[in-house]
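# Sequence and predicted structure, then a few things I'm wondering about:
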Amino acid sequence: MWQRIVCSLTLCLVGLAANSLANNLAGYEGYTKYTVEHGNENAFRYMVDLQTNDADLDFWLLTRNMSVLTVSPKRKSQFESRLSNLGVSYQVQPLMELMAALQANSTYADESGQYEEEEECQAADCGDSERPRRRSRRQARGFFSHYPRYSEILSFMSGLAARYPQYCRYESLGRSNEGRHIAALSISLNTRTRPRRVAYIQAAAHGREWITTQTVLYLAYELLSNLRAFQRVLQDVEVFLVPLVNPDGYEYTHTSDRFWRKNRHRYAGHACAGVDINRNFGNHWNYQGASQNLCSEVYSGTAPNSEPETSAVVRYLEFNRQRVKLSLDVHSFGKFIFYPYGYAKNTVPPTVGTLRAVALRAANQIGKYRGTRYTTGTSASILYEASGSLDDYAYGNLGIPLSYTLELPGDEFHVPSSDIIHVCKETFAGFVEFIRHASLY
């Protein structure tokens, strides 16, 4: 009897999660995920051309040796015929089958941020002084076991600032296309003084990369919860965090399209919308790996820094250019640490030795948690040439000495909820290493 009730409840919860997931997967029925191994230059060039110019294909990952992408039913036979002609091998998986498997291990908050969490201790077991601390730890544990919505993220950030007013300031860099705040946290040992150095870290420039926001929020939580342990790291350094650069795209992936990449800029008279924020920064804008096709996933916008999300970041970095020593843009997925330049394969920055050494140190720290191995280098040499990224802009235009893009681990954008905390913990070690090096400038 009890077993039957428990099973029924379990099936009900899985069904609710499935319904939540299905809302943002409408229209993807019949789509196929392809993992393509391409060892020759012709196949690689074909894939780069598809990503730049073909709006009907959605690339999740594109390296010189492999591509991961989704293809609609109407393009499937044509695409497979071309792959056969190129002589490359590939694996397929129905997209809905993949997402159904992932959702079984995932937890979703509704728009108000409500979700289930276990009680850590009963009232009789907790003393008065212990109860608030345990409640805080329990709430944080619950927060990093699911994917929060925009409003819950802002509540979490403002809550940290309220809990640690001497060390944390909550502010807004500006507003997005749809009017949402681009919220930020400033963390330092004393918010009344301005440290000489800033470590700037942002996430979720691409709406579908949910895990990136959680890693940056976890960094804020851990630093503030353990300030005494990180006093040396934070000495004369302000850690400035923007966990959700693209709030409109992020929300849209929860409500309408799980794999939406761009912002939500709408153009009158056009059905297609959005600009790729990671192609919109004003360094060699629209030079390589970007498109002027409004429907393309890598549409670079009408001009450099044309988007409110991009310009908000640019304003902050330009105003603080003498103080910012680290710029770190967090993306998903692939297990890469990139440094400039990404716009051209054979263009080497003058401080490449330092950039490489710091990247290797951060990768080593990340690997200590559970053995995750990152590849370091320029995105142009490991992936493909792409211009208009933050790392190229911060280093090339503003002279920020440590400028990187971090691509988190995973085999797709949807990291199972059970793995969120582990990605957060291992990435935290890398963040601290980057911040430590910023403190040396």
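Arrived safely.
# element containing His437?
Secondary-structure assignment from DSSP states H and E places His437 in helix 417-438.
# For the closest residue in space to Asp392 that isn't next to it in sequence, the count of nearby residues, please.
Distances taken as C-beta to C-beta, 6 or more residues apart in numbering put Asn283 closest to Asp392, at 4.3 Å, once the chain neighbours are dropped. For every residue, glycine as well, the C-beta is placed using N, CA and C. Using other C-beta atoms under 10 Å, Asn283 is surrounded by 23 other residues.
# ok so, going back, so which elements touch the helix holding His437?
Contacts defined by 3 or more C-beta pairs under 8 Å, 6 or more residues apart in numbering; DSSP states H and E place helix 417-438 against strand 197-203, helix 210-225, helix 231-234, strand 237-242, strand 324-332, helix 352-370, strand 402-408.
# can you give me the angle it makes with strand 197-203?
160 degrees (axes from the mean of the first three to the mean of the last three C-alpha atoms, to 10 degrees).
# How far off centre is helix 417-438?
13 Å (C-alpha atoms, centre = their mean, to the nearest Å).
# buried set for that helix?
417, 420, 423-428, 430-438 (16 or more other C-beta atoms under 10 Å).
# now do stretch 317-328
Buried residues in stretch 317-328 (16+ other C-beta under 10 Å): 317, 320, 323-328.
# Model confidence at Ile5, what's the number?
Turning to Ile5, the model gives it a pLDDT of 37.
# swap that for Thr191, sorry
In this model, Thr191 carries a pLDDT of 67.
# oh, and call the first residue 5 from now on, that's how I've got it
All set: I'll call the first residue 5, so the last point we hit is now Thr195.
# and the spatially closest residue to Leu221 that is not a sequence neighbour, what does it touch?
Among residues not flanking Leu221 along the chain, Pro247 sits closest, at 5.1 Å (C-beta to C-beta, 6+ apart). Neighbouring residues of Pro247 by C-beta atoms under 8 Å, 6 or more residues apart in numbering: 157, 161, 187, 189, 206-208, 217, 220-221, 224.
# Tell me the one among those nearest to Tyr291.
Distance to Tyr291, by C-beta to C-beta, is smallest for Gln206 among the contacts of Pro247, at 22.3 Å.
# least trustworthy helix or strand in the protein by mean pLDDT?
In the chain, the helix or strand scored least confidently by mean pLDDT, DSSP states H and E is helix 6-27, which has a mean of 44.
# who does the next helix or strand after it pair up with?
Per DSSP H and E, helix 6-27 leads on to strand 36-41 as the next helix or strand towards the C-terminus. Using DSSP bridges, strand 36-41 pairs in its sheet with strand 70-75 (antiparallel), strand 93-98 (antiparallel).
# Going by neighbour count, list what's buried in the first one.
In this case it means strand 70-75. Quick answer for strand 70-75 (16+ other C-beta under 10 Å): 70-75.
# how distant is it from the center of its chain?
19 Å.
# Wait, the residue nearest to Asp396 touches Gly392, no?
Yes: counting by C-beta atoms under 8 Å, Asn287 touches Gly392, with 6.7 Å between them.
# list residues touching both of these two?
With C-beta under 8 Å, 6+ apart, Asn287 and Gly392 have common neighbours Tyr347.
# Leu158 sits in which helix or strand?
Going by DSSP H and E, Leu158 is part of helix 154-167.
# Pull out the CA atoms of that helix and give them to me as CSV.
Presented in CSV, the C-alpha positions along helix 154-167 are these (Å, rounded to 0.1, in the frame of the first residue of the first chain):
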residue,chain,number,x,y,z
TYR,A,154,15.3,35.3,-13.0
SER,A,155,13.3,36.6,-10.0
GLU,A,156,14.8,34.0,-7.7
ILE,A,157,18.3,34.9,-8.9
LEU,A,158,17.7,38.5,-8.0
SER,A,159,16.3,37.6,-4.6
PHE,A,160,19.3,35.4,-3.9
MET,A,161,21.7,38.2,-4.8
SER,A,162,19.9,40.9,-2.8
GLY,A,163,19.7,38.5,0.1
LEU,A,164,23.5,38.1,0.1
ALA,A,165,24.0,41.8,0.1
ALA,A,166,21.5,42.2,2.9
ARG,A,167,23.2,39.5,5.0
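# So for it, mean pLDDT?
97.
# what stretches of this protein score poorly on pLDDT?
Within the chain, the ranges that satisfy pLDDT under 70 run 5-26, 108-145, 195.
# at 50 instead, please
For the chain, the stretches with pLDDT under 50 are 5-25, 118-130, 133-134, 136.
# now the buried residues of stretch 321-332 in TSV, with distance to Phe63?
Shown next, in TSV, are the buried residues of stretch 321-332 (distance: C-beta to C-beta, whole Å):
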residue	distance to Phe63
Leu321	28
Asn324	34
Arg327	36
Val328	31
Lys329	33
Leu330	29
Ser331	25
Leu332	23
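# Show me which of these is closest to Leu66.
The closest of these, once distances to Leu66 are taken by C-beta to C-beta, is Leu332, at 21.8 Å.
# before we move on, the earlier item: out of the helices and strands packed on helix 421-442, which gets nearest to Gly381?
Of these, nearest to Gly381 by C-beta to C-beta is helix 356-374, at 7.7 Å.
# All good on my end, thank you.
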